[in-house]
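Asks: No letters, just coordinates:
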């Protein structure tokens, strides 16, 4: 996911606290399905620790906002389905079996970061 050619017309979901400076941290997959925030400036390995976050049709914006704030403040990369229609199809199980229910993917850089992120997610009252 290296393409930095971001077009807002491909995106109907953004974090509520999205700032102009955050544009510099955006990467886009070639199919324009995911929007990725590259806060760490590190190359994401093909294999490693990933945290998948799901949501519902009711709470997806709250979940996105909490993950965005957590990842931005801790310089952790993540991607998410950035189009509402595609997200709703994903949540309804209309996606590939391996992708269904995976709204957000967080990429901790190490086992220690993985553990810290999991703890912080649960500290948010388990809402994420």
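Replies: Arrived safely. Since this is a predicted model, take the numbers as computed values, not measurements. Numbers count the residues shown, from 1 in each chain.

Asks: Report the contact partners of residue 65.
Replies: By CB atoms under 8 Å, 6 or more residues apart in numbering, residue 65 lies in contact with 15, 16, 17. Quick note: C-beta positions are derived from backbone N, CA and C, even for glycine.

Asks: That one in helix, strand or coil?
Replies: Secondary structure assignment for residue 65 (DSSP: H, G, I helix; E, B strand; the rest coil): helix.

Asks: cool, and residue 55?
Replies: Three-state assignment for residue 55 (three-state DSSP): coil.

Asks: how near is it to residue 123?
Replies: 18 Å (CB to CB, to the nearest Å).

Asks: These two: who's more crowded?
Replies: Legend: neighbour count by other CB atoms under 10 Å for residue 55 and residue 123, higher for residue 55 (22 against 11).

Asks: Mind pulling the model confidence for that one?
Replies: In this prediction, residue 55 carries a pLDDT score of 92.

Asks: ok so, going back, out of the contacts of residue 65, who has the most neighbours?
Replies: residue 15 (19 neighbours).

Asks: Spatially, what comes nearest to that one if we skip its sequence neighbours?
Replies: Closest residue to residue 15 apart from its sequence neighbours, by CB to CB, 6 or more residues apart in numbering: residue 68 at 3.6 Å.

Asks: which ones are touching that neighbour?
Replies: 15, 17, 18, 37, 78.

Asks: Dump those to JSON lines, plus secondary structure and distance to residue 117.
Replies: Shown next, in JSON lines, are the contacts of residue 68 (DSSP: H, G, I helix; E, B strand; the rest coil; distance: CB to CB, whole Å):
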{"residue": "15", "secondary structure": "coil", "distance to residue 117": "17"}
{"residue": "17", "secondary structure": "coil", "distance to residue 117": "18"}
{"residue": "18", "secondary structure": "coil", "distance to residue 117": "20"}
{"residue": "37", "secondary structure": "strand", "distance to residue 117": "14"}
{"residue": "78", "secondary structure": "strand", "distance to residue 117": "10"}
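
Asks: Now render those as CSV, adding pLDDT and distance to residue 112.
Replies: Below are the contacts of residue 68 laid out as CSV (pLDDT from 0 to 100; distance: CB to CB, whole Å):
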residue, pLDDT, distance to residue 112
15, 93, 25
17, 91, 26
18, 91, 28
37, 93, 21
78, 95, 17
